[in-house]
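Visitor: Can you look at this prediction? I've put the sequence above it.
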Amino acid sequence: MSLNVLAEVYKVIEDRKNNPKPSSYVSGLIGKGFDAVVAKVEEEAEEFVDAAKNKDSKEIIHEAVDLMFHMFILLNLKNIRLEEILEEFQRRRR
């Protein structure tokens, strides 16, 4: 298992933003605009918190991935690179 999968997902999101595809969930969400993406992140955050309070670890993991995925879309819309996020983690680790 490798953290490279996060970079791969981020690249796909970037590609769907720059080269929209009609059948792509990411392209469709981005096409709805910034406020729609923010609303989706809020929805996923609530689902994650609910799962953490009431569900088993499998459901928590599922909701965590949903939240992270939608956060990646939002970060990408704000032109924030994954490397910047990782650098901030590194800075805080010191």
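Guide: Looks like it came in fine. Numbers count the residues shown, from 1 in each chain.

Visitor: Burial check on residue 17, number of neighbours?
Guide: Counted by other Cβ atoms under 10 Å, the residues lying close to residue 17 total 17. Quick note: C-beta positions are derived from backbone N, CA and C, even for glycine.

Visitor: Just the CA trace of the strand or helix carrying it, in PDB.
Guide: Taking DSSP states H and E as the definition, one finds residue 17 inside helix 4-18. The C-alpha trace of helix 4-18 is given here as PDB (Å, rounded to 0.1, in the frame of the first residue of the first chain):
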ATOM      1  CA  ASN A   4       0.900   7.400  -4.200                       C
ATOM      2  CA  VAL A   5      -2.800   6.600  -4.600                       C
ATOM      3  CA  LEU A   6      -3.600  10.000  -3.200                       C
ATOM      4  CA  ALA A   7      -1.500  11.700  -5.800                       C
ATOM      5  CA  GLU A   8      -3.100   9.600  -8.500                       C
ATOM      6  CA  VAL A   9      -6.600  10.600  -7.400                       C
ATOM      7  CA  TYR A  10      -5.500  14.200  -7.200                       C
ATOM      8  CA  LYS A  11      -4.200  14.000 -10.800                       C
ATOM      9  CA  VAL A  12      -7.500  12.500 -12.000                       C
ATOM     10  CA  ILE A  13      -9.400  15.400 -10.400                       C
ATOM     11  CA  GLU A  14      -7.100  17.900 -12.100                       C
ATOM     12  CA  ASP A  15      -7.600  16.200 -15.400                       C
ATOM     13  CA  ARG A  16     -11.400  16.200 -15.000                       C
ATOM     14  CA  LYS A  17     -11.300  19.900 -14.200                       C
ATOM     15  CA  ASN A  18      -9.100  20.700 -17.200                       C
END
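
Visitor: Just the mean pLDDT for that helix, thanks.
Guide: Averaging pLDDT along helix 4-18 gives 96.

Visitor: same for the next helix or strand along the chain from it, what does it pack against?
Guide: Helices and strands here follow DSSP H and E; after helix 4-18, the next one along the chain is helix 25-31. If you count contacts as 3 or more Cβ pairs under 8 Å, 6 or more residues apart in numbering; DSSP states H and E, helix 25-31 packs onto helix 4-18, helix 34-54, helix 57-77.
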